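>>> got a structure for you, letters missing:
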């Protein structure tokens, strides 16, 4: 592995490390990873030493990367007029992107404000509030279900009482009809 490739790997590792790890994790991870990468580089160098084919392949891999790059392919296959047409066709998109970048630059002070920098210290409070909200949502769902159950029970009772009143009304009507017939 060439030195520039190792440098590129170290840059990628730095980028990933800044995203993934906290400072204490970095302190433990970084030396181990660098040691492993150096060890791998040494093993590859030892394995490829005095092997002309592998050395040639490493040299050709740089050319291969260059040939596989879409920008290089476009440069080789497109005339300057065609490139100009592509750029002109994308003019509106490019202008929109430029406006977006300008907006981002204008908003950068807002992103760098002390209010946003202080956000990490409130993370625990936000997590606690989130837990409270989740608990309240669960309680609300339970109460809603209980209210539905009670309404269903109420509706059943009212239906049964209504049926009973209808039966009593029918019975009373029959009794009144018999009484009227018996008087006649």
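Everything's here; your move. What you see is a predicted model; the values in this text were computed from it and never measured.

>>> make it CA atoms for all contacts and neighbour counts henceforth
Fine.

>>> the longest helix seen in the chain: how far from the chain's middle?
Across the chain, the helix with the greatest residue count (assigned by DSSP state H) is helix 123-183. Centroid separation between helix 123-183 and its chain, computed with CA atoms, centre = their mean, to the nearest Å, is 43 Å.

>>> pLDDT of that helix, averaged?
Averaged over helix 123-183, pLDDT sits at 94.

>>> can you start the count at 859 instead of 1 from here on
Okay, using 859 as the starting number, the last item reads as helix 981-1041.

>>> for residue 930, which residues are in contact?
residue 924 (CA atoms under 8 Å, 6 or more residues apart in numbering).

>>> quick one: end-to-end distance for stretch 938-958.
This stretch, stretch 938-958, spans 28 Å end to end (CA to CA, to the nearest Å).

>>> flag every buried residue along it.
Neighbour counts over stretch 938-958 (16 or more other CA atoms under 10 Å) mark no residue as buried.

>>> for it, which outside residues touch it?
Nothing outside stretch 938-958 qualifies as a contact, by CA under 8 Å, 6+ apart.

>>> how far away is residue 921 from residue 929?
Residue 921 is 14 Å from residue 929, where distance means CA to CA.

>>> cool, residue 982 as well?
47 Å.

>>> circling back: and the longest helix of the chain, what other elements does it pack with?
On a contact count with 3 or more CA pairs under 8 Å, 6 or more residues apart in numbering; DSSP states H and E, helix 981-1041 meets no helix or strand.

>>> quick one: residue 988 and residue 920, what's the gap?
Where residue 920 is concerned, residue 988 sits at a distance of 51 Å (CA to CA).

>>> model confidence for residue 880, exactly?
pLDDT, read off for residue 880, is 52.

>>> please apply the same query to the one 3 residues further on.
Listed pLDDT for residue 883 reads 55.

>>> same question, the one 3 residues further on
The score at residue 886 is 60. That number is its pLDDT.

>>> likewise the one 5 residues further on?
On pLDDT, residue 891 comes in at 76.

>>> what is the burial count for it?
13 (other CA atoms under 10 Å).

>>> so it, which of the three states?
Following DSSP: H, G, I helix; E, B strand; the rest coil, residue 891 is assigned to helix.

>>> just list the residues touching it, thanks.
Here residue 891 is in contact with no residue (CA under 8 Å, 6+ apart).
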